[in-house]
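Chemist: fold the following and give me the result.
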Amino acid sequence: QVQLQESGPGLVKPSQTLSLTCTVSGGSITTDIYYWSWVRQPPGKDLEWIGYIAYSGSTYYSPSLKSRTSISRDTSKNQFTLHLNSVTPEDTAVYYCARSIDPRPPSRLQEYDYWGQGTQVTVSS
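Modeler: This is a model prediction of the structure:
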């Protein structure tokens, strides 16, 4: 059984960088052909895909967030990390890490084959 667990600060100040780590157990992040995504859901809004790092290590980001986003991985720890810089209160959301077998991001969390429980991040001074 694959499990994903998000970790990171729950409160970030505006203009700072948000960093969240997803720790994966029960499966390797380098296994062909999975895509490991970060998604978020702001209060009262739909799920928003942020980007993914593929089993190969290649990355792809949402065009709307690309300029502020990077996703990296540590294969020795079976983790991947989101960095979102220059955050504003608009980045307040529940952030999830998730796995899919299709590089096209699903529109609903339930369409991923595995996802974490989510972590609340609030951007506020």
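
Chemist: surely Gln117 touches Gln5?
Modeler: Yes - contact criterion C-beta atoms under 8 Å: Gln117 and Gln5 qualify, at 7.3 Å. Placement of C-beta: from N, CA and C, glycine included.

Chemist: which strands and helices sit next to the helix or strand containing Ile50?
Modeler: Assigned by DSSP states H and E, Ile50 belongs to strand 48-54. With contacts taken as 3 or more C-beta pairs under 8 Å, 6 or more residues apart in numbering; DSSP states H and E, strand 48-54 sits against strand 35-41, strand 59-61, strand 69-74, strand 79-84.

Chemist: could you rerun that using 6 Å?
Modeler: strand 35-41, strand 59-61, strand 69-74 (3 or more C-beta pairs under 6 Å, 6 or more residues apart in numbering; DSSP states H and E).

Chemist: highest mean neighbour count out of these?
Modeler: strand 35-41 (a mean of 23; mean count of other C-beta atoms under 10 Å).

Chemist: relative orientation of it and strand 48-54 in degrees?
Modeler: 160 degrees (axes from the mean of the first three to the mean of the last three C-alpha atoms, to 10 degrees).

Chemist: still on that earlier bit, in TSV: the helices and strands packed on strand 48-54, plus distance to Gln1 and mean pLDDT.
Modeler: Formatted as TSV, the helices and strands packed on strand 48-54 follow (distance: least, C-beta to C-beta, whole Å; pLDDT from 0 to 100):
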stretch	distance to Gln1	mean pLDDT
strand 35-41	17	97
strand 59-61	26	97
strand 69-74	21	98
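
Chemist: could you dump these to a markdown table with distance to Thr88?
Modeler: Output for these, formatted as a markdown table (distance: least, C-beta to C-beta, whole Å):
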| stretch | distance to Thr88 |
| --- | --- |
| strand 35-41 | 13 |
| strand 59-61 | 18 |
| strand 69-74 | 14 |
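
Chemist: so in terms of bridging, what pairs with the most centrally placed residue in the chain?
Modeler: The residue lying closest to the centre of the chain (C-alpha atoms, centre = their mean) is Trp38, at 1.9 Å. Per DSSP bridges, the residues bridged to Trp38 are Gly51, Cys97.
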